[in-house]
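Trainee: show me how the following folds:
(chains A and B)
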There are 2 protein chains.
Amino acid sequence: MLRQLSSLYEQNLFESVIPFWLLHSLDTEHGGYFTCLDRDGSIYDTRKYVWLNGRQVWTLSRLYNTVERRPEWLDAARLGAEFLRKHVFDEQGRCYFSLARDGKPSFYQRKPYAGVFVMLGFLEYAKASGDPWYRAKAEELFRKIPEWTADPRLLGRPALEGGLAYSQLADIYVMCSMALELDHEPTLSDCLQKIRLHYEPAHHLLYESATIDPARRREFPDGRLICPGSIFEISWFLFRALDRCPDPEVEGMLLKCLDGACEFGWDSRHGGFFYFRDIDGKPTLQLESDMKLWWVHAEAIYALLTAYLRTLDDKWMRRLEQVHDWTWRRFPDPEYGEWFGYLNRDGTPSHSLKGNHYKGCFHIPRALLFSVQDLSRR
Amino acid sequence: MLRQLSSLYEQNLFESVIPFWLLHSLDTEHGGYFTCLDRDGSIYDTRKYVWLNGRQVWTLSRLYNTVERRPEWLDAARLGAEFLRKHVFDEQGRCYFSLARDGKPSFYQRKPYAGVFVMLGFLEYAKASGDPWYRAKAEELFRKIPEWTADPRLLGRPALEGGLAYSQLADIYVMCSMALELDHEPTLSDCLQKIRLHYEPAHHLLYESATIDPARRREFPDGRLICPGSIFEISWFLFRALDRCPDPEVEGMLLKCLDGACEFGWDSRHGGFFYFRDIDGKPTLQLESDMKLWWVHAEAIYALLTAYLRTLDDKWMRRLEQVHDWTWRRFPDPEYGEWFGYLNRDGTPSHSLKGNHYKGCFHIPRALLFSVQDLSRR
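Mentor: Below you'll find the model as predicted:
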C-alpha cells in the first residue's frame, strides 16, 4: 500500500500538479504568478495574491533544493521572488495582500499572514539562489511577525477592549512553520507550550481559537470553532518540532487529537472532512462550514502518514486509506491536472477553479512531496 | 392572489417574525439586541453586531411610526437606540462593527455600512421618540458617509494605486436608502445617474461593481460579479427615487434589469435565486455563490410586487407567484417563527440559525411590512 501511494503521489506531483502551475501561472511579462486559474488553467483574475506568490516561491525552491536542480524550477522561483521583493512591502515593511498584475498595491489586509508566506518563500529561495538578501529579509520578517501578532495596531488594527484575547491556532502554526525552517528552538518550544491552551479534552480536539479565560471560551462561535484541517496541518508541524524538543505529553496529546479530528470532523453521511464545526453543535458564522476543501484533505493525508511513520500503528494506515480513497476519487482532475479546490458537502465540485486568492501551488505539492520524501527514507 | 398574499404577509410579520425578535433578541440587562439566535431563539453569541442593531431600531421604530403606537415597540426600539448612542462611536465618530455584550468595542471594520444602519435606525427612532438628538446625529452621519466612501483613508483603509476605481452598487443603495428617508433630492438624482454605470445591456443586469474604465471591467471577478439580490433591492429603492425625480429611461432600464435578474439569477435545476454569479460563467471568489439566502428572496418578493403595482403588467404577478411559492415553502419556520437564513443550493437549510452577524430583524419584516402597506393603499 505505501509503495503504491508513494508512486501515485510522485506521479501526481510531477506529472499533474507542478506542470499545471508551470504552464499556467507564470507571468513572464510582469513577473509573479497568476493564481486565479480556472479548471483548464485559464486566468480569470490577473491580480497577484501575495499568500500564494510567497507559497509558490517556497514550493518551487523546495523542489530545486531537495529534489533536483532543474533550472526551470529555479527560474520560475526567481520570477516570483523578484516580483515580491520589488512590490510586496509597504513603507512600514508590512506586506500587501494583493497586487495588481504590474505590482502596484491593490489590497492591504490587517493580518500577518502575507508576511509569513513571503518569509517562507524568501528563506527557501535564498537557499536555492544563494542570494543572501532573501535570507536577511526572511530573518527580519521572522522577528517582525510575532510583534505584529502581539500588537495588531502595528498592522493598522485598533486594539479594542471588547475583543477577546485569543491565542489562534494559525499563529502557532505560522510561528512553528517558520521556526522549523530556521531551526529556532526557543520558538519551537514556545509553540509546544501554547498548543496545550487549545486542547479540548472531551473529544480530543484542538480549538481553533483559545481565550485567555477558558471559562468564557464557549460563549462565542470563535471559541467553539473546530477546523479539522487546522488540526491535521498543525499536528505534523508539531511532530517535527517534537523531534527537536521532545515532549511525550504533547506527542500523546497530538496523536489523540488526530484521532479526534478524524472522528469529529468526518462526514458520516457523504464522507470527507467538514471545513468547520462547532464543538457544541451550534451554528457557525462561516457559511462554507459543510464544504470539503482540498487543503484539509491534503493535510489529513500527510498528517496521517506522519502518525503512521512515527508509531507504526496500523490504525493510522486504516485511517489514511479511508481519507486517501475519498480524496483521490474527487479532488484530482485527470483531464486538466491539479486538484479541484472546493467541493459541496456531497463531494461534487462547487467551483471549477484550480486556484484563487487562497488556493495556489502549496498544500497539495507540499503534502505530496513530503509524503514521497518521508516514504523514501524508510 | 394579492389579497391572499397580503394577509399571509401580515400574519407572518406580526405573528411570527416580530414576536421572534421581541422574545429572544432584547438584552434588557445591558441594552441592545442579540442577533446570533439559533432556530429556537437560543443565543449562540452574545456580541452586539452593529449593522443588525441599527436595523432593528429602524424596524421597530418604523412599526411604531406607521402601524400602531404600541409601547412595546417603542420600548424595544429605545433599548437598541440608547445602547448604540452610548457605545457605537469611536473617537473619530466612526462606527464599530461589533461590540461586546456590555458595549465595549469588539471589532472595527474599515467600511461605512455600520454607520449607514445606525443612521437609518436613529432617523426613524427620532420620529418615534421625538428626541432631536437622534435626528441631528443621523444627519451628521448622512454627511459623513459619502465622505468615508469617497476617501477610504478616513476609515483607516489605505488608498492604493493598484486598486480599481469602483462604483459599488451597495454605495448607491445606501445613499439612496438614506436620501429617501430625508427626502434629499440631489442625492436621489445622483443615485439615478450613477446606476447607469452598472448597466449590463446583453442580459439586462446591474453589475455589483462598476469600474471607471469599462474596458477593464471583465478582467476581474469583482467586475464580472452579479448579485441578483442586490438588483432586486436597489430596484425598488430606485423606483421610490423615481417618484421624486422621474426619469423614464432609468425606469425602463430598471424594469428590464428586474426581468434580467429573474432570468439570469434563477436556478433552473433547484429553483430559487443564486447568491452570486459571474456574468461570463467564470468562477466566483465567493464560496457561497450557489446558496439561497433569505434576504435575496425577501427583496425579490417586494421588488416584483413593486414592479406589478407600478405597471399592472401581469408578467410581474407570474414572476411574483413563482418566487413567493419557492420562498414560502422553504424559508419560514412555522415551528419556532422567523425564517431560516441560509439554504443549500437544493433548498435545504445549511444552517439552523435565525440570525447571525449579518441576518437580523430587517429584510424580512421590511419586505413584509412594505408589501402589506403598498397593497392596502391600492
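Trainee: mind pulling up the pLDDT for the residue sitting furthest away from the middle of chain A?
Mentor: Relative to the C-alpha centroid of chain A, counting by CA atoms, centre = their mean, residue A:161 is the outermost residue, at 30.6 Å. Residue A:161 carries a pLDDT value of 83.
Trainee: check contacts around it.
Mentor: Shown in contact with residue A:161 (CB atoms under 8 Å, 6 or more residues apart in numbering or on different chains): B:104, B:105. From N, CA and C alone the C-beta is placed, and that goes for glycine too.
Trainee: can you check residue A:105 too?
Mentor: A:87, A:90, A:96, A:99, B:158, B:160, B:161, B:162, B:163.
Trainee: next: residue A:254.
Mentor: Residue A:254 sits in contact with A:195, A:235, A:238, A:239, A:242, where contact means CB under 8 Å, 6+ apart.
Trainee: please repeat the previous calculation with a cut-off of 6 Å.
Mentor: A:235, A:238 (CB atoms under 6 Å, 6 or more residues apart in numbering or on different chains).
Trainee: and it, that's in a helix?
Mentor: Yes: per DSSP: H, G, I helix; E, B strand; the rest coil, residue A:254 lies within a helix segment.
Trainee: quick check: the gap between it and residue A:367.
Mentor: 17 Å (CB to CB, to the nearest Å).
Trainee: before we move on, what about residue A:132?
Mentor: Applying CB to CB, the value for residue A:132 to residue A:367 is 30 Å.
Trainee: the more surrounded of those two?
Mentor: Using other CB atoms under 10 Å in any protein chain shown, the more surrounded residue of residue A:132 and residue A:367 is residue A:367, with 25 against 9.
Trainee: that one touches residue A:303, doesn't it?
Mentor: No: applying CB atoms under 6 Å, one finds residue A:367 not in contact with residue A:303, separated by 8.9 Å.
Trainee: tell me the residues on chain A that lie near chain B, please.
Mentor: Residues of chain A that fall close to chain B, judged by CB under 6 Å from any CB of the partner chain: A:38, A:44-46, A:99-100, A:104-106, A:108, A:158, A:160-163, A:219-221, A:282-283, A:285, A:287-288, A:351-353, A:356-357.
Trainee: what's the ChimeraX line that selects buried ones from those?
Mentor: Selecting the buried subset of the residues of chain A next to chain B in ChimeraX, with 16 or more other CB atoms under 10 Å in any protein chain shown as the burial test, is done by:
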select /A:38,44,45,99,100,105,106,108,158,160,162,163,219,220,221,282,283,285,287,288,351,352,353,356,357
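Trainee: the helix or strand hosting residue A:62 packs against which elements?
Mentor: Counting by DSSP states H and E, the element that carries residue A:62 is helix A:50-66. For helix A:50-66, the packing partners by 3 or more CB pairs under 6 Å, 6 or more residues apart in numbering or on different chains; DSSP states H and E come out as helix A:71-87, helix A:113-129.
Trainee: quick check: the residue of the stretch 151-300 of chain A nearest chain B.
Mentor: residue A:162 (3.1 Å; CB to the nearest CB).
Trainee: next SSE downstream of the least confident helix or strand in chain A by mean pLDDT?
Mentor: Ranking every helix and strand in chain A by mean pLDDT, DSSP states H and E puts strand A:166-168 at the bottom, with a mean of 84. Counting by DSSP H and E, the next helix or strand C-terminal to strand A:166-168 is helix A:169-182.
Trainee: that following helix - what's its average pLDDT?
Mentor: Helix A:169-182 comes out at a mean pLDDT of 96.
Trainee: that one: which residues count as buried?
Mentor: Across helix A:169-182, burial judged by 16+ other CB under 10 Å covers A:169-181.
Trainee: identify the residues contacting it?
Mentor: A:116, A:119, A:123, A:142, A:149, A:187-188, A:191, A:194-195, A:198, A:208, A:230, A:234, A:237, A:240-241.
Trainee: these, buried ones only, as a PyMOL selection?
Mentor: Of the contacts of helix A:169-182, the buried ones can be selected in PyMOL as follows, counting by 16+ other CB under 10 Å:
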select buried, chain A and resi 116+119+123+142+149+187+188+191+194+195+198+208+230+234+237+240+241
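Trainee: so which of the contacts of helix A:169-182 belong to helices?
Mentor: A:116, A:119, A:123, A:142, A:149, A:187-188, A:191, A:194, A:230, A:234, A:237, A:240-241 (DSSP state H).
Trainee: who's in contact with the closest residue to residue A:205 other than its chain neighbours?
Mentor: Nearest residue to residue A:205, sequence neighbours excluded (CB to CB, 6 or more residues apart in numbering or on different chains): residue A:260, at 4.6 Å. Taking CB under 6 Å, 6+ apart as the criterion, residue A:260 is in contact with A:203, A:204, A:205.
Trainee: next one: residue A:236
Mentor: A:302, A:303, A:306.
Trainee: check residue A:106 too.
Mentor: Residue A:106 makes contact with A:47, A:98, A:99, A:100, B:160, B:162, B:163 under the criterion CB under 6 Å, 6+ apart.
Trainee: what about the nearest residue to residue A:74 once chain neighbours are set aside, neighbour count?
Mentor: Leaving out its chain neighbours, the residue that sits closest to residue A:74 by CB to CB, 6+ apart is residue A:64, at 5.0 Å. Residues contacting residue A:64 under the criterion other CB under 10 Å number 23.
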